[in-house]
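1. Sequence plus the predicted model coming up.
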Amino acid sequence: MVTDDQIQKWADEAEAGYDVDELKRRGRGRPGRGAEPMQVVAVRLTAEELAALDAAATQNDMSRSELIRAALAHFAA
């Protein structure tokens with residue numbers, strides 16, 4: 001929940017002004033993985049499949065997405 005103190009801090013910050021160069025330097029969104037735009041593909045998984053995916057990702061110190069991409073690369077090789 002947002003408090004009155006937090007709203008006041010945001011208002012004070014806005015009134016003081018923002019460093020435009022700093023805002024531009026941060027970038028927006030996730031960093032790209034290559035020169036081409038990426039596609040998002042939705043896949044439906046059962047609870048058991050998702051649990052197995054998460055367990056394998058944790059065991060390999062990877063995110064879900066990294067594990068899926070690695071599996072696809074291995075399968076397509």
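-> Looks like it arrived, so ask away. Remember, predicted model here, so these are calculated numbers, not experimental data. Numbers count the residues shown, from 1 in each chain.

2. For the rest of this, base every contact and every neighbour count on C-alpha atoms.
-> OK.

3. What residues sit buried inside stretch 33-40?
-> For stretch 33-40, burial by neighbour count (16 or more other C-alpha atoms under 10 Å) applies to no residue.

4. can you give me the mean pLDDT across that stretch?
-> For stretch 33-40, mean pLDDT is 77.

5. got the end-to-end distance for it?
-> From its first residue to its last, stretch 33-40 covers 13 Å (C-alpha to C-alpha, to the nearest Å).

6. Quick one: distance of the lowest-mean-pLDDT helix or strand in the chain to the chain centre.
-> Taking mean pLDDT, DSSP states H and E as the measure, the chain has helix 20-26 as its least confident helix or strand, at a mean of 73. Here the centre of helix 20-26 is set off from its chain's centre by 20 Å, with C-alpha atoms, centre = their mean, to the nearest Å.

7. For the very next helix or strand once past it, name the packing helices and strands.
-> The first helix or strand that comes after helix 20-26 along the chain, using DSSP states H and E, is helix 47-59. With contacts defined as 3 or more C-alpha pairs under 8 Å, 6 or more residues apart in numbering; DSSP states H and E, the packing partners of helix 47-59 are helix 64-76.

8. which helices and strands does the helix it packs on pack with?
-> helix 47-59.

9. Show me what counts as buried in the helix it packs on.
-> L53, D54, A57.

10. What about the nearest residue to the second one once chain neighbours are set aside, how many residues nearby?
-> This means D54. Counting by C-alpha to C-alpha, 6 or more residues apart in numbering, the nearest residue to D54 once its immediate chain neighbours are dropped is R64, at 6.4 Å. Here the count is done by other C-alpha atoms under 10 Å, and R64 has 16 residues near it.

11. Same check on N60?
-> By other C-alpha under 10 Å, 11 other residues sit near N60.
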